[in-house]
Each structure stands twice: as C-alpha cells, then as structure tokens.
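Participant: after the sequence you'll find the predicted model.
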Amino acid sequence: MKPKTKILIADDESAIRESMGLILKDEGYDVTLASHGKEALDFLSQSDFDVVFCDLRMPQVNGFEVLKQTITHKPSTIFIIITAFGDMDSAIESLKLGAFDYIPKPLLFDDIVVKLNHLLKFQNLVTENEVLKTEAAEKYIFDQIIGQGPTMRQVYSLMRKVSTTNDTLLISGERGTGKKIVAKAIHYNSPRKSKKFNFISCGRDNEALLDKKIYGYQSPTDSYEGLLQKTHRGTLFLDEIEKLTKPLQEKLLHFLENPTSDVRIIAATNRDLVDAVNCGDFHEKLFDKINSFEIRIPPLRARRQDIPFLIKYFIRKYNYDFGKHIVFVEDTALRGLIQYDWPGNIRELANILERAVILTTHHQYLTSEDLPGDIVKYQAQPNNVSNIKEAVKLYEVKHIRSILEKNNFDKKTAAEALGLSLSSLYRKLDELSIH
C-alpha cells in the first residue's frame with residue numbers, strides 16, 4: 001500500500017491552519033500543523049514532508065528561514081508559501097530562494113485541494129519519467145499557469161461552474177492567452193473527462209477539407225468518420241471559429257439545433273464576434289447558440305502581477321525537460337520580463353523561457369544575457385521605483401490610461417480592448433486609483 005502524502009502546514013493564524021488541516025485530512029493526506037516558524041523547523045528536523053504550506057509572516061522564525069532550511073536539507077520538498085497577494089516582493093523573493101509556488105490570501109480551500117491533487121499527480125508523471133507534453137500531463141498543467149491575481153481567479157471560478165454543465169460555450173482572447181488549455185481544463189474537470197477531447201483549428205484548412213474533418217462523408221464506395229462522430233460523449237474544441245465560411249457556419253448551426261451525436265462544443269475566437277456579426281461576417285443565430293456562456297481570457301499585459309509566477313512554472317517545466325537546475329531570474333531580467341508588453345502572451349513567454357533555459361551558461365539564475373534584445377531594453381528604461389510590485393503598478397496604470405484614451409474613455413470598449421470584463425476593469429481602476 002502506497003504511504004500517505006505527508007503535509008506540513010505552518011501558519012500562526014489558527015483559523016487558517018486548522019481549517020486547512022481538516023480539509024486536507026478529509027482528502028486523505030497525513031497532515032501536521034505548526035503554529036509558528038520554530039515549531040515548523042522542529043517538525044522538519046524530525047521527519048521528511050512531501051509538501052510544506054508555510055506563511056511568510058510568523059513569530060520567532062519567519063517563513064523565509066523555514067524555506068531556506070527546507071531547500072537546503074530536502075530540496076525535493078514541494079514548498080508552497082502563503083502570503084497576502086499585495087505582498088508581491090516577498091512572494092518573488094521566496095521564488096528566488098526556491099519556493100515551488102504560492103497561494104494568496106484570502107485562501108480558497110476548494111481551489112487549494114484541486115491544485116494540490118493535480119500538482120502531486122503532475123509530479124508523479126515526472127518521477128515516472130513521463131514526457132511532460134503528453135496528454136496525461138496536460139490534464140494538470142492548467143492549475144500551474146492560471147495565475148494568482150484576482151482577474152484570473154475570477155476566470156477559474158467561471159471555469160469550475162461551467163465544467164459541471166454540458167452547455168456550448170465560447171472562450172475569447174488574444175492569440176497565445178491559453179484558450180486551448182482552458183478548454184482542456186474544463187473538459188478534464190467535467191463528467192466527460194474519461195472520453196475524448198478533440199481539437200481543430202477552423203483557419204488552417206480549406207472549406208472542403210474542413211467539412212470532411214468535422215462532419216466526415218459517406219459514398220457508395222467509401223466513408224470517413226468526422227470529429228463530431230469520433231468525439232461522441234466527449235468534447236470538441238473549435239479554435240478560431242470566426243474563420244468558418246458561411247456554409248460551414250450554417251452547417252454547424254444546424255448540428256447544434258439538431259445534434260446527431262452527443263458532443264460538447266467549446267468554441268474559441270481571437271476576434272470580437274459581436275463586431276463580426278454586425279459586419280455580416282458571422283451568423284447571428286450561431287453566435288447566440290455558442291455564446292450562451294463566455295469566458296474571456298485577459299492578455300498577459302493586463303495581469304503583469306502573474307508574470308513572476310508563470311516564469312517560475314515554465315522554468316520548472318523546462319528544467320525537467322532539459323535536465324537543468326535554474327532556480328529563477330535575476331532582478332534586472334525580471335523587471336524587463338514584467339515590463340514587456342507580450343503581444344504573443346503566455347505562448348511567447350513560454351517560448352522565450354524555453355530558449356533561455358536551453359542556451360544559458362548560468363547555473364542558477366537566468367540573466368539579461370539570456371533574453372532577446374526587445375525585452376532587455378525594457379529593464380533599462382528609467383523609473384522611480386525600486387521594487388517589482390511598484391513597477392507592475394506603474395506599467396498597469398500607464399497601459400490602462402493609454403487604452404482608455406484610445407477609446408475616448410468608453411469603459412466598455414476599453415474593457416474589451418484590455419481583455420477584461422467591465423466589472424474587472426472597474427476593480428482595476430479602483431485598485432490603481434485611476435480616475
């Protein structure tokens with residue numbers, strides 16, 4: 001029988017410590033609780049733990065010291081810090097010291113359980129030398145790159161709600177924001193998770209070939225089963241749905257109104273489909289059919305506070321892929337990565353970090369030498385702030401003001417341009433004191 005995963009929770013707030021302990025015990029984990037840093041170190045000296053959740057701000061011995069001792073004596077431990085989201089500099093410092101990840105207060109216990117379960121399964125794939133790009137691993141990737149900021153936590157909340165339904169839904173966002181990953185996460189957390197997840201890009205093939213791939217064909221001498229049949233009781237993801245021709249739009253609408261197989265359709269678009277409908281490029285009834293629920297993924301530049309934690313995830317992934325031992329990035333390089341506008345979003349960040357990890361000659365930290373010139377120039381731009389949190393705030397204010405001005409201060413239009421919901425934009429304006 002496989003031994004239980006051993007977890008240490010160190011937090012001086014008894015309500016957090018005890019609630020989290022009860023929930024993880026109910027999930028079958030072997031849980032130990034520490035009320036301060038010194039007690040955590042005592043437990044760590046007596047026993048090995050697979051996972052440590054540790055608050056940074058504790059009496060006697062703080063979380064940084066607990067982290068240093070853990071990484072020194074048992075570097076394979078998954079060390080996850082607990083801290084206020086606003087304390088970004090401390091969170092980044094812990095990542096530099098070797099923390100695996102962080103969870104922000106206020107804690108969402110259901111999300112922590114899901115994330116922990118997926119994280120441990122993901123680690124098992126690595127331990128068993130599975131290739132990280134396999135379909136099995138992709139089930140667990142989303143929890144690592146969703147981001148911890150309020151905007152993405154709202155997206156995560158919406159995803160969890162729609163995962164329990166069979167409704168057709170629309171995922172919108174710029175290229176590279178992770179729409180396919182979101183669709184997969186919804187599928188693998190749905191009742192259809194044991195069935196197929198199939199994918200097709202509507203912009204890659206001509207009309208005849210796309211028709212054949214989606215719907216198949218039958219003739220007296222030959223037949224071909226299309227994705228709608230192959231994905232029976234599963235999920236079919238139609239990317240770039242705005243590129244369907246008018247006849248194929250009509251055909252998809254007919255299928256949704258008169259389904260011939262049990263398939264959940266998740267559509268994705270890079271374009272504002274309301275605008276496409278108004279321009280006559282997209283069928284209004286089809287839009288209404290797929291837009292019963294929309295998840296809008298914000299661009300990376302609208303959530304810069306998530307960039308350090310995405311960097312940590314991708315460095316960890318590419319360490320596994322290429323046998324490297326990079327811990328994090330140096331401060332000047334980090335500033336450039338945060339301030340860059342990321343037109344290619346998460347996909348571009350992943351590609352740049354993959355290249356940097358492969359080519360770097362450094363052993364622990366990526367530096368500006370490892371980054372492309374168009375990113376390096378951002379770290380040299382003068383500013384009057386010394387810490388990362390203020391740098392993020394400065395550039396968010398500048399970017400949001402610029403978008404508002406371009407859209408004549410129409411907040412609804414500006415929110416769409418930023419990839420945010422209107423309510424998220426209002427929260428940002430309040431948070432950044434933009435008037």
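Facilitator: On my side now, so go ahead. Numbers count the residues shown, from 1 in each chain.

Participant: what's the domain layout of the chain?
Facilitator: 6-107, 147-296, 300-381, 390-431 (automatic domain parsing).

Participant: quick check: closest non-adjacent residue to residue 293.
Facilitator: In space, and not counting its chain neighbours, residue 293 is closest to residue 169: 4.4 Å by CB to CB, 6 or more residues apart in numbering. No exception for glycine: its C-beta is placed from N, CA and C like everyone else's.

Participant: the one you found and residue 290 touch, don't they?
Facilitator: Yes - when contacts are counted by CB atoms under 8 Å, residue 169 is listed as touching residue 290 (7.3 Å).

Participant: pretty sure residue 338 sits against residue 308.
Facilitator: Yes - with contact defined as CB under 8 Å, residue 338 reaches residue 308; the gap is 7.2 Å.

Participant: just to revisit the earlier point, which neighbours do residue 169 and residue 290 have in common?
Facilitator: residue 267 (CB atoms under 8 Å, 6 or more residues apart in numbering).

Participant: which of those two has more residues huddled nearby?
Facilitator: Higher neighbour count among residue 169 and residue 290: residue 290, with 25 against 22, using other CB atoms under 10 Å.

Participant: ok, that one - contacts?
Facilitator: Applying CB under 8 Å, 6+ apart, the residues near residue 290 are 168-170, 241, 256, 265, 267.

Participant: for these, which one is nearest residue 285?
Facilitator: residue 256 (9.3 Å; CB to CB).

Participant: chain neighbours aside, what residue packs nearest to the closest one?
Facilitator: Counting by CB to CB, 6+ apart, the residue nearest residue 256 is residue 289, at 5.0 Å.

Participant: which pLDDT does the model give that neighbour?
Facilitator: With respect to pLDDT, residue 289 scores 94.

Participant: what's the distance between it and residue 216?
Facilitator: 21 Å (CB to CB, to the nearest Å).

Participant: of the two, who's got more company?
Facilitator: residue 289 (18 against 15).

Participant: quick one, phi psi at the more buried one?
Facilitator: For residue 289, the backbone dihedrals are phi -70, psi -40 (criterion: degrees, to the nearest 10).

Participant: all strands of this protein, in order?
Facilitator: Here the chain has its strands, by DSSP state E, at 6-10, 30-34, 51-55, 78-84, 101-105, 169-172, 197-201, 216-218, 223-225, 235-239, 264-269, 294-296, 328-329, 365-366.

Participant: distance from stretch 426-435 to the middle of the chain?
Facilitator: 24 Å (CA atoms, centre = their mean, to the nearest Å).

Participant: could you dump it to PDB, C-alpha only?
Facilitator: Extracted C-alpha coordinates of stretch 426-435, given in PDB (Å, rounded to 0.1, in the frame of the first residue of the first chain):
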ATOM      1  CA  TYR A 426     -13.800  48.900 -12.600                       C
ATOM      2  CA  ARG A 427     -11.900  47.000  -9.900                       C
ATOM      3  CA  LYS A 428      -8.600  47.800 -11.600                       C
ATOM      4  CA  LEU A 429      -9.400  51.500 -11.800                       C
ATOM      5  CA  ASP A 430     -10.300  51.500  -8.100                       C
ATOM      6  CA  GLU A 431      -7.200  49.400  -7.200                       C
ATOM      7  CA  LEU A 432      -4.800  51.600  -9.200                       C
ATOM      8  CA  SER A 433      -6.600  54.900  -8.300                       C
ATOM      9  CA  ILE A 434      -7.100  55.800 -11.900                       C
ATOM     10  CA  HIS A 435      -9.800  58.500 -12.300                       C
END
